[in-house]
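# Next comes the sequence, and after it the predicted model I'd like to discuss.
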Amino acid sequence: MKHFQSGRYVQQAHYKSFQPNPINRTWALDDMGLLQLLGQADRELGRLDMYSEYIPNIDLFIRMHVLKEATQSSRIEGTQTNMEEALLDKEDVALDKRDDWEEVHNYVAAMNEAVAKLRTLPFSARLIRATHKTLMQGVRGKHKQPGEFRRSQNWIGGATIDDAVFVPPVHASIGDLIGDIEQFVHNDQQYFPDLLKIALVHYQFETIHPFLDGNGRVGRLLITLYLVSRGILKQPVLYLSDFFERNRQLYYDNLMRVREKNDLLQWFRFFLVGVIETAKSSTATFDNILKLQKQVEAQLQTLGSRTANAQKVVNYLYQRPVVNAARVGEAAGVSPASAYKLIADLERFGILKEITGGKRGKMYAFDAYLKLFR
């Protein structure tokens, strides 16, 4: 990596675009500090994967992990939706916030569809384009060729290309560059650790910026998709957008440092620290979920004949922790009157908390559970 060259600037008509070098090549790792970080990241990821494998009904909780990722990844791009708003139905969201809400939910749909597609489709340009199409469906950017690589020049930062922070490669080279990523991902002849491989793929993808819009969100989605596709994670439970959001300037600076100073080592360090911190945090979240589950189950056992219906509601809350009385009735399969009795029981235990403060259209939150994801 000492001799790594990221690429070169190419003079176009009145600006310079950056042409990255291919990454499907032989790599040699010779930094002991990086290898130590890599070992720690592998261990934490292994713990998280093992933890997720043995949690009963893990599908109940994955939706919240995906929703948090969608909220944070979209926040990096400027949306203002928070977790509580993202959990509302569209009709309950203020009109001026619906565009942001839809972008978050498109991200959730794109992740879920892509994970499902991995059963029959390899990690590939085809998967990337399909994911982008879902991400951009019906939202801002919907007219910017959803699911298609760009056919014109784009740029990052600045009002015009002349004052841009960074200008990606010309569109004519995108096919070859994405093809190079595909070959690198599936190149099992030349060993390269998977975490460093996806770190490099993410950097290269963001540098190519192959779409007219949505590149950042797709690039962050690819991290989780790669780990699932390689069997490193059995469930999609590691998401780095929260780490990138909290360290947003460092994230952008480290990507630019690779392009301008060929410092791939610093990007790898940053990425691995993100994996370590996020895996530890996710493991702690799962641990706290299990503790909360036991506590809630003990409380529900005191309800006698209403225990079974209350448990149905709680199982629903693990996926949708913001509800109204109608949702509670649907989850338990009971009448409106019985739904209100269940809500009263869950409020008494502190499981549900009324969050609107009004007399009509009341909404209730499973606050202790939501706090685990904040």
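Perfect, I can see it now.
# Could I get the full set of helices for the stretch 251-374 of the chain?
For the stretch 251-374 of the chain, the helices defined by DSSP state H, counting those that start in this stretch cover 264-300, 307-319, 325-332, 336-348, 367-371.
# in the first one, what's buried?
Residues 264-265, 267-279, 282-283, 285-286, 289, 292-293, 296, 299-300 are the ones in helix 264-300 that count as buried (16 or more other Cβ atoms under 10 Å). For the C-beta atoms, the positions are set from N, CA and C on the backbone; glycine is no exception.
# contacting residues for Ile156?
Neighbouring residues of Ile156 by Cβ atoms under 8 Å, 6 or more residues apart in numbering: Ala164, Val165, Phe166, Val167, Pro168, His209.
# most surrounded residue in those residues?
Ranked by neighbour count (other Cβ atoms under 10 Å), the contacts of Ile156 have Pro168 at the top, with 24 neighbours.
# about what we covered before: adding distance to Ala125, secondary structure and pLDDT as columns, could you present the contacts of Ile156 in CSV?
Formatted as CSV, those follow (distance: Cβ to Cβ, whole Å; DSSP: H, G, I helix; E, B strand; the rest coil; pLDDT from 0 to 100):
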residue, distance to Ala125, secondary structure, pLDDT
Ala164, 26, coil, 94
Val165, 26, coil, 94
Phe166, 22, strand, 96
Val167, 22, coil, 97
Pro168, 16, coil, 98
His209, 15, coil, 98
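# any idea which helix or strand comes after the one helix or strand Gln72 maps to?
For Gln72, the host element (DSSP states H and E) is helix 59-76. On the C-terminal side of helix 59-76, the nearest following helix or strand under DSSP H and E is helix 83-86.
# same for that following helix, what does it pack against?
helix 59-76, helix 98-117 (3 or more Cβ pairs under 8 Å, 6 or more residues apart in numbering; DSSP states H and E).
# I'd like the mean pLDDT over it, please.
Mean per-residue pLDDT for helix 83-86: 84.
# same thing with stretch 21-32?
93.
# Identify all contacting residues around it.
Contacts of stretch 21-32 (Cβ under 8 Å, 6+ apart): 1-2, 5-8, 35, 177, 180-181, 183-184, 187, 190, 192-193, 196, 200-201, 204, 265.
# hmm, back to that, quick one: closest of the helices and strands packed on helix 83-86 to Leu135.
With distances scored as Cβ to Cβ, the stretch of the helices and strands packed on helix 83-86 nearest to Leu135 is helix 98-117 (4.3 Å).
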